[in-house]
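# quick one: sequence and predicted model below, then my questions.
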Amino acid sequence: GSKNLELIKDVPVRVSVEIGRVKRRVQDVLELNKGSLIILDKPASEAVDLLINGRPLAKGRVVVVDDNYGVLISELLQKTDGTTAAQN
């Protein structure tokens, strides 16, 4: 229970936000320079993905707080067993 959770609360995890993806050939990547534009596969109106150690946890939208970007969580993702990804 909660005692086990206390043991891991200080363990660092990598939190990242994915706004989209794209596949490109190596040649295309080598030709990138300042001012190059890469169009991602996700519409701007679609929610971004919040990942914990590379695994999806939630969806949300990008916000600006002071001069920093943040993510306002709108949905916790469900695992196939009916629990939320945050519970596991």
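Looks like it arrived, so ask away.

# quick one: low-confidence ranges for the protein?
By pLDDT under 70, the low-scoring segments of the chain are 1, 80-88.

# all the helices of this protein, in order from the start?
2-8, 26-30 (DSSP state H).

# determine which stretch of these is the most buried.
When those are scored by mean count of other CB atoms under 10 Å, the highest mean neighbour count falls to helix 26-30 (a mean of 9). No exception for glycine: its C-beta is placed from N, CA and C like everyone else's.

# need the helices of the chain in CSV (columns: distance to residue 55).
CSV is the format used below for the helices of the chain (distance: least, CB to CB, whole Å):
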stretch, distance to residue 55
helix 2-8, 16
helix 26-30, 26
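
# which of these sits closest to residue 57?
Nearest to residue 57 among these is helix 2-8 (15.6 Å), distances taken as CB to CB.

# give the contact list for the residue nearest to residue 19 when sequence neighbours are not counted.
Residue nearest to residue 19 in three dimensions, not counting chain neighbours: residue 48, with 5.0 Å by CB to CB, 6 or more residues apart in numbering. By CB atoms under 8 Å, 6 or more residues apart in numbering, the contact set of residue 48 is 17, 18, 19, 42, 59, 60, 61, 62, 71.

# beta partners of residue 48?
Assessed by DSSP bridges, residue 48 has beta-bridge partners residue 60.

# what's the span of stretch 22-32, first residue to last?
14 Å (CA to CA, to the nearest Å).

# just stretch 22-39 next, same as before
End-to-end distance for stretch 22-39: 7 Å, by CA to CA.
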